[in-house]
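# Coordinates only, no sequence provided:
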């Protein structure tokens, strides 16, 4: 059985001091003063949510005064062998990294872990997290695609209860306070936006020789989403769920329903037009990297203004996701000692709180965290060009960036996104050229395999025209190189 890589998260809310709201539900997230990392507290410490597992009760207990709530959607394998696998342990380290960075660097503490099955609930309670029994969604815990749809069901149901929701995958590492960043992005529309998703602009060309066959695959990333509780937000979730099933990836469908149930907007006027058409008005926050959502830009630094978080997308295995976050110094959970096993009753390492999930302070220092005071506010520059060389210096933390992005301490990277010691760039020009050529050749070969299927589906089906392989993460490299 597969397990969840998704998480919803809740923050406190206060009215923006920079803009006047245009509706009654436009208050902006603020941080909490209570930022305990539960499993790192003394064994005698018991949180206020201890023993509470009913979802509605936890929502009331954990939501901010302005009714923003974070709900992590968590499922674990029921098979004992899979539960004790390296892949599961990597997933749980990723999850703990999300929970930790959300509190320590995100300065937030209004979250709930919605546990879809018994193994998830047992593990969650062991770490003294705020754990809700979400077993009503257990039928969706069978595989990753079903879990992807379950996050929309959960979001819809919480929105209907009148809580505003922030959705976040569990492979996200938060680097700065969330409150100022979300206040910033909502201020762009003077509070008129219903929510925010990360910018993605991936285009696929079915026929390499015919530009008329170009079509969008992704407009926005559905892994980190803010959405206010109103009719438009509920309508967006329900429009996505009409396509529920194993045939389609949830993020692709988010693009398919664009300009039907939601539309991107940046300014107050455009967001009001979107809302007037009955659609959710979504302001896209900046792509996490300047050149690509998959790999860091040259001179990468955690504290660049375009970056609130690092999201380990474009990688299918949790072990690969963990390795990527470690390579960019965004994994703040210590790896287990070689050969370490739990002394607990289960014998599973991840059940031993004293060993598993300890904080790596050295990585935080090496990555330049916490960010200096003048770089604590993410997204302080309104427009961020993406995926182009000319846009690399905008919010990238380089010498050519704005004053808000004054270069601070942070890891340097290689062309593959790895830690680069004394290097100051992303590898030599020859190395980058070789890497790009290899990726282009591989993606071209893969595209040939799926092109016929994609064209057939577009002409013979009433469902969204796409190849089931064409939306997979590796093709993003192809889209970028051919754009």
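Perfect, I can see it now. Just so it is clear, the model here is predicted, and its values are computed rather than measured.
# Low-confidence stretches in the chain?
Across the chain, the ranges flagged by pLDDT under 70 are 1-35, 339-347, 383-483.
# Can you identify each of the strands in it by residue range?
Ranges of strands within the chain are 6-9, 12-14, 28-30, 68-74, 111-115, 131-133, 164-169, 172-174, 195-205, 214-227, 262-264, 280-285, 309-311, based on DSSP state E.
# Sheet partners, orientation included, of the last one?
Strand 309-311 has the following sheet partners, assigned by DSSP bridges: strand 172-174 (antiparallel).
# what's in contact with the partner strand?
The contact list for strand 172-174, computed with C-beta atoms under 8 Å, 6 or more residues apart in numbering, reads 7, 97-98, 101-102, 105-106, 223-224, 308-312, 325, 330-332. From N, CA and C alone the C-beta is placed, and that goes for glycine too.
# Can you flag the buried ones in those?
Neighbour-count burial (16 or more other C-beta atoms under 10 Å) is assigned, among those, to 7, 97-98, 101-102, 105-106, 223-224, 308-312, 325, 330-332.
# Domain ranges for the chain, per the record?
6-364, 438-482 (automatic domain parsing).
# Out of the ones you listed, which is the most enclosed?
Per-stretch averages of neighbours, counted by mean count of other C-beta atoms under 10 Å, single out domain 6-364 among these, with a mean of 20.
# can I assume residue 211 is in contact with residue 203?
No: between residue 211 and residue 203 there is no contact under C-beta atoms under 8 Å: 10.1 Å.
# ok so, going back, which one of the domains of the chain lies nearest to residue 380?
domain 6-364 (4.9 Å; C-beta to C-beta).
# related to what we said a few turns ago, dump the domains of the chain into a markdown table; add distance to residue 378 as well.
As requested, the domains of the chain are exported to a markdown table (distance: least, C-beta to C-beta, whole Å):
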| stretch | distance to residue 378 |
| --- | --- |
| domain 6-364 | 4 |
| domain 438-482 | 23 |
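# Residue 379 is nearest to which of those domains?
Proximity to residue 379 (C-beta to C-beta) singles out domain 6-364 among those, at 4.6 Å.
# For the spatially closest residue to residue 274 that is not a sequence neighbour, give the beta-bridge partners.
Among residues not flanking residue 274 along the chain, residue 281 sits closest, at 4.0 Å (C-beta to C-beta, 6 or more residues apart in numbering). Per DSSP bridges, the residues bridged to residue 281 are residue 263.
# List the residues that contact residue 350.
Going by C-beta under 8 Å, 6+ apart, residue 350 touches 88-89, 92, 123, 342, 356-357.
# closest to residue 267 among those residues?
residue 92 (41.7 Å).
# which non-adjacent residue is nearest residue 377?
Once flanking residues are discounted, residue 377 sits nearest to residue 180: 4.2 Å by C-beta to C-beta, 6+ apart.
# I misspoke; the intended subject was residue 193.
Once flanking residues are discounted, residue 193 sits nearest to residue 283: 4.2 Å by C-beta to C-beta, 6+ apart.
# Pretty sure the one you found sits against residue 190.
No: assessed by C-beta under 8 Å, residue 283 is found out of contact with residue 190, at 10.9 Å.
# Is it correct that the residue nearest to residue 274 is in contact with residue 268?
No: in this structure residue 281 lies outside contact range of residue 268 using C-beta under 8 Å: 9.7 Å.
# Mind listing the shared neighbours of the two?
Joint contacts of residue 281 and residue 268 (C-beta under 8 Å, 6+ apart) are 189, 192.
# if I look at residue 70, how far off is residue 165?
With the distance defined as C-beta to C-beta, to the nearest Å, residue 70 ends up 8 Å from residue 165.
# And residue 279, by the same measure?
The spacing between residue 279 and residue 165, counted by C-beta to C-beta, is 18 Å.
# all helices of the stretch 151-300 of the chain, in order?
Counting by DSSP state H, counting those that start in this stretch, the stretch 151-300 of the chain has helices at residues 178-187, 231-241, 250-256, 268-276.
# okay, the angle between the first one and helix 268-276?
Put plainly, it is helix 178-187. 90 degrees (axes from the mean of the first three to the mean of the last three C-alpha atoms, to 10 degrees).
# which secondary structure elements does helix 178-187 contact?
Applying 3 or more C-beta pairs under 8 Å, 6 or more residues apart in numbering; DSSP states H and E, we find helix 178-187 packed against strand 28-30, strand 195-205, strand 280-285.
# got the angle for it vs strand 195-205?
Going by the same axes, to 10 degrees, helix 178-187 makes 70 degrees with strand 195-205.
# if I read this right, residue 132 contacts residue 113, doesn't it?
Yes: in this structure, residue 132 is within contact of residue 113 by C-beta under 8 Å, at 6.7 Å.
# tell me, what's touching the two both at once?
residue 71.
# Spatially, which residue comes closest to residue 273, not counting chain neighbours?
residue 265 (7.4 Å).
# quick one: residue 161 from residue 154, how far?
From residue 161 to residue 154 the distance is 11 Å (C-beta to C-beta).
# Could you do residue 208 as well?
Residue 208 is 40 Å from residue 154, by C-beta to C-beta.
# Give me the neighbour count for residue 366.
As a burial measure, residue 366 scores 14 neighbours (other C-beta atoms under 10 Å).
# wouldn't the residue nearest to residue 273 be in contact with residue 277 here?
No: applying C-beta under 8 Å, one finds residue 265 not in contact with residue 277, separated by 10.9 Å.
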